[in-house]
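# Here is my input; please provide its structure:
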Amino acid sequence: MSLDSAEPLEIDPVLDNPRTRIVVCCGSGGVGKTTTAAALGVRAAERGRRVVVLTIDPARRLAQSMGIEELDNVPRRVHGIDESAGGELHAMMLDMKRTFDEIVEAHADQDRARAILENPFYQSLSAGFAGTQEYMAMEKLGQLRARDDWDLIVVDTPPSRSALDFLDAPGRLGSFLDGKFIKLLMAPAKLGGRAGMKFLGVGMSVMSGPLNKLMGAQLLRDVQTFVAAMDTMFGGFRTRADATYRLLQAPGTAFLVVAAPERDALREAAYFVERLAAERMPLAGLVLNRVHGSGAARLSAERALAAAEALTSGTSEYAENLDGARIVDRDSGQAGSRTADDPGTVTPTDTSSPESGFPQPASSGATASDASAEHPVPTEEPSARLGESSAQLAAGLLRLHAERMQVLAREQRTRDRFTALHPEVPVAEVAALPGDVHDLAGLRAIAERLADQSAHRDRARRTDRTAVPAPAKGTEDASVET
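Below is the predicted model of the structure:
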């Protein structure tokens, strides 16, 4: 099944629908999720939506492209957006530790919050515990949705080795914080007073040996202090994670799986599509970034290589008739002499004539101009060299075009494999750009390419008719196998 048979992804109806309140861009790392999320935010805002883009990408280039010196945990207004339709754009970058701190401050009194924030175990947990970033992204999403200050939230999911971590990690962290081990450490605090201390003494006398070896005595004390301070908050972590998870399943959410036309990225995208279906989460479609194209797609790789070979062979005649800086005899035994008036003139047999081009005996009254005429500059050498150079340049360009067409064919086979597995998934393609996006104009250009798929569909149809045929079964490029 060709990509042309896949349903095109119409992005504007998704952004314009007032019932769409959350758009989640997900996929493996390095496929352009952050740029896609920002471009969607720009387009939605300029079409009249009040948008906030939540990104997890720490690179400063995204903030600079939006005209903001620095993004932080607070939404910042983005200027330079066309707000004539009534929309506006805000952007923020997730600060997972600050988000965790805000949760503590919101659910604990001042003294207890200070004790938690100063606890060494909490500081390690909030700064880098596995799953914390994904969990805090969901927490921040829930906070933004609850505020109802924006009618569209665009989420750039955290970069990770597996796109599935965004869905799995919050549950893992919630299970840890609500797990049996934490509850065991919480038991003394729940009993309180002497009973609690007695229980703690008995329990820890049994467990202290193994736990000290496993965790270290100081870390164990930090964990116990942390648990004692957090005892009223643990149930809320799992509750909020579950609430946000249900929010992602709601009809007002649209997932966009972002990928590149490469084997690993599309394999990850296929896994994510299947997982979203299993979790009953609404999938809007697939965004395929960095798709290569050609303005001369009608010239196949095979024809380009054949033409390059013909040009290379054609220049060999010129090469063998050049000996350093001089022109040597041709096969006929005559030296070639070309003039501007008649490039094909053959050397005359009468060499005594001045028109023959051969040196003539100098007269006693020879002048400087006569002397220069005795040694005429051959006119064939520059033209021959120019012809050879042009042919070599053309051959090189044809080989580059052949390589590009082979890349196009490989990408097409990889896309077709995904489409064959998931024909129900709408697809939108974004052509590869020559450089990085560094301003709002670049984000706007990405959004326009994402919204307008007609030009690419036309190119794809031409490529299908003229591109190099796919290899026979069993000889396919290993890079497209899944």
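# you'd agree residue 436 is in a helix?
No. Under DSSP: H, G, I helix; E, B strand; the rest coil, residue 436 falls outside any helix and is assigned coil.
# what's near enough to touch it?
Contacts for residue 436 were tallied using CB atoms under 8 Å, 6 or more residues apart in numbering; they are 61, 442. In this view, the C-beta of every residue, glycine as well, is placed from N, C-alpha and C.
# Tell me which stretches of the stretch 251-400 of the chain form helices.
Along the stretch 251-400 of the chain, the segments classed as helices by DSSP state H, counting those that start in this stretch run 263-278, 301-320, 368-374, 380-421.
# In TSV: those helices, plus distance to residue 251.
Listed next are the helices of the stretch 251-400 of the chain as TSV, based on distance: least, CB to CB, whole Å:
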stretch	distance to residue 251
helix 263-278	14
helix 301-320	46
helix 368-374	89
helix 380-421	25
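# okay if I get these as TSV plus mean pLDDT, mean neighbour count and distance to residue 112?
Listed next are the helices of the stretch 251-400 of the chain as TSV, based on pLDDT from 0 to 100; neighbours: other CB atoms under 10 Å; distance: least, CB to CB, whole Å:
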stretch	mean pLDDT	mean neighbour count	distance to residue 112
helix 263-278	91	19	38
helix 301-320	74	15	68
helix 368-374	49	10	101
helix 380-421	85	17	51
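# Tell me which of these sits nearest to residue 157.
helix 263-278 (10.0 Å; CB to CB).
# Look up how far residue 73 lies from the residue lying closest to residue 126 once chain neighbours are set aside.
Spatial nearest neighbour of residue 126, excluding adjacent residues (CB to CB, 6 or more residues apart in numbering): residue 100 at 3.9 Å. Between residue 100 and residue 73 the computed distance is 11 Å (CB to CB, to the nearest Å).
# and these two? which has more neighbours close in?
residue 100 (22 against 17; other CB atoms under 10 Å).
# in what helix or strand does that one lie?
helix 96-107 (DSSP states H and E).
# And that helix, what's buried?
96, 97, 99, 100, 101, 102, 103, 104, 107 (16 or more other CB atoms under 10 Å).
# on that earlier part again, what's near enough to touch the residue nearest to residue 126?
Going by CB under 8 Å, 6+ apart, the list of residues near residue 100 reads 125, 126, 132, 136, 139.
# for the next helix or strand after the helix holding residue 100, packing partners?
Per DSSP H and E, the first helix or strand lying C-terminal to helix 96-107 is helix 110-117. Secondary-structure packing of helix 110-117 (3 or more CB pairs under 8 Å, 6 or more residues apart in numbering; DSSP states H and E): helix 96-107, helix 217-230.
# Ranking by neighbours, what's the top pick from the contacts of residue 100?
Neighbour max across the contacts of residue 100 (other CB under 10 Å) = residue 136, 26 neighbours.
# wait, that one sits on residue 99?
Yes. Between residue 136 and residue 99 there is a contact under CB atoms under 8 Å: 4.3 Å.
# Now for these two: what residues contact both?
Common neighbours of residue 136 and residue 99 (CB under 8 Å, 6+ apart) do not exist.
# got the contact list for the nearest residue in space to residue 21 that is not next to it in sequence?
Distance criterion CB to CB, 6+ apart; nearest residue to residue 21, sequence neighbours excluded, is residue 252 at 4.2 Å. The contact partners of residue 252, by CB under 8 Å, 6+ apart, come to 19, 20, 21, 22.
# Any chance of CSV for those residues, columns pLDDT and neighbour count?
Below are these laid out as CSV (pLDDT from 0 to 100; neighbours: other CB atoms under 10 Å):
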residue, pLDDT, neighbour count
19, 95, 9
20, 96, 21
21, 96, 19
22, 96, 20
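# Just these: which are in strands?
residue 22 (DSSP state E).
# nearest to residue 402, of the contacts of residue 252?
residue 20 (43.8 Å).
# what's the pLDDT at the nearest residue to residue 8 once chain neighbours are set aside?
Nearest in space to residue 8, with sequence neighbours left out and distances taken as CB to CB, 6+ apart, is residue 453 at 4.9 Å. We have a pLDDT of 82 for residue 453.
# any weak-confidence spans in the stretch 151-300 of the chain?
159-164, 169-220, 230-235 (pLDDT under 70).
# Summarise which helices and strands the lengthiest strand in the chain is packed against.
Criterion DSSP E: the longest strand present in the chain is strand 283-291. With contacts taken as 3+ CB pairs under 8 Å, 6+ apart, strand 283-291 sits against helix 33-46, strand 253-259, helix 263-278, helix 380-421, strand 427-431.
# Make JSON lines from these and add distance to residue 117 to it.
What follows is those, written out as JSON lines (distance: least, CB to CB, whole Å):
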{"stretch": "helix 33-46", "distance to residue 117": "30"}
{"stretch": "strand 253-259", "distance to residue 117": "32"}
{"stretch": "helix 263-278", "distance to residue 117": "35"}
{"stretch": "helix 380-421", "distance to residue 117": "46"}
{"stretch": "strand 427-431", "distance to residue 117": "43"}
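# Nearest to residue 448, out of these?
Proximity to residue 448, assessed across those by CB to CB, is greatest for helix 33-46 (7.7 Å).
# continuing past that closest one, what's the next helix or strand?
With DSSP H and E, the next secondary element past helix 33-46 is strand 50-55.
# buried ones in the helix or strand following that next one?
Next helix or strand after strand 50-55 toward the C-terminus (DSSP H and E): helix 60-65. The neighbour-count check on helix 60-65 (16+ other CB under 10 Å) flags 62, 63, 65 as buried.
# now those as JSON lines including pLDDT?
Below are these laid out as JSON lines (pLDDT from 0 to 100):
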{"residue": "62", "pLDDT": "72"}
{"residue": "63", "pLDDT": "79"}
{"residue": "65", "pLDDT": "81"}
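# Name the nearest of those relative to residue 114.
residue 63 (31.6 Å).
# That closest one: what's its closest spatial neighbour, skipping adjacent residues?
In space, residue 63 is closest to residue 71, 4.5 Å off (CB to CB, 6+ apart).
# for the one you found, what are its contacts?
55, 62, 63, 91, 92, 93.
# what do you get if the cut-off is 10 Å, keeping everything else the same?
Neighbouring residues of residue 71 by CB atoms under 10 Å, 6 or more residues apart in numbering: 53-55, 57-60, 62-64, 91-95.
# could I get the helix holding residue 100 in PDB with only the CA atoms?
Extracted C-alpha coordinates of helix 96-107, given in PDB (Å, rounded to 0.1, in the frame of the first residue of the first chain):
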ATOM      1  CA  MET A  96      10.200  19.200  37.100                       C
ATOM      2  CA  LYS A  97      11.800  20.100  40.500                       C
ATOM      3  CA  ARG A  98       9.900  23.400  40.700                       C
ATOM      4  CA  THR A  99       6.700  21.600  39.800                       C
ATOM      5  CA  PHE A 100       7.300  19.000  42.500                       C
ATOM      6  CA  ASP A 101       8.000  21.800  45.000                       C
ATOM      7  CA  GLU A 102       4.700  23.500  44.000                       C
ATOM      8  CA  ILE A 103       2.800  20.200  44.800                       C
ATOM      9  CA  VAL A 104       4.500  20.000  48.200                       C
ATOM     10  CA  GLU A 105       3.700  23.700  49.000                       C
ATOM     11  CA  ALA A 106       0.100  23.300  47.900                       C
ATOM     12  CA  HIS A 107      -0.600  20.200  50.000                       C
END
